[in-house]
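[1] Everything below, folded, please.
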Amino acid sequence: MALLQLWPALAGGVLIGVASLLVLVLDGRVLGLSGVVAGLLGRPDDQTGWRLSLVAGLAVGGVLLALVAPSTVDVRLEASTPMIILAGLCVGFGTRMGNGCTSGHGVCGIGRMSVRSLIATLTFIATGVITVVVSRGLGAL
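    Just a heads-up that it's a prediction; the model follows:
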């Protein structure tokens, strides 16, 4: 892989890290996307504004990136729609069961030297690897 191809990923990682740090320093909160979205599903409160802004910013940023550099978001999903829906539900269930997602545990938790977040992130990764190996073995992927 050419070094030039790594710049978008590096820039995205830096932006996620800076955003996580700013939310932690300015608001004392961990920037975990599953918690942000879960907070939007309840009653509106004083946190709704920034949560909505963050989710909207992610969506708008993705659309702008697709318009400016379409090759960076050229993704082809080989799975069926029911499989994608099932996978999404499993991820949602897992983030609730694990009390957070990869952004909360992986980016913020590990950055704060949380042993619990390190274990959660290693579990996420191991589960993903096992799922791919088993799925490919069954011919699902």
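
[2] quick one: low-confidence ranges for this structure?
    In the prediction, the chain carries residues with pLDDT under 70 at positions 1-3, 140-141.

[3] Let me see the ranges of the helices in it.
    With DSSP state H, the ranges of helices along the chain come out as 3-27, 33-41, 48-68, 81-97, 110-111, 115-138.

[4] Give me the contact list for the fifth one.
    Contacts of helix 110-111 with the rest of the structure, by CB atoms under 8 Å, 6 or more residues apart in numbering, involve G17, S20, L21, S117, L118, T121. Using the backbone N, CA and C atoms, a C-beta is placed for each residue, glycine as well.

[5] change it to 10 Å
    Contact partners of helix 110-111, identified using CB atoms under 10 Å, 6 or more residues apart in numbering, comprise G17, S20, L21, L24, V30, T102, S117, L118, A120, T121, L122.

[6] filter those residues to the buried ones?
    Buried by 16 or more other CB atoms under 10 Å: S20, V30, T102, S117, A120, T121, out of those.

[7] contacting residues around the third one?
    By that I understand T102. T102 makes contact with 32-34, 91, 95, 109-110, 117, 120-121, 124-125, 128, according to CB under 10 Å, 6+ apart.
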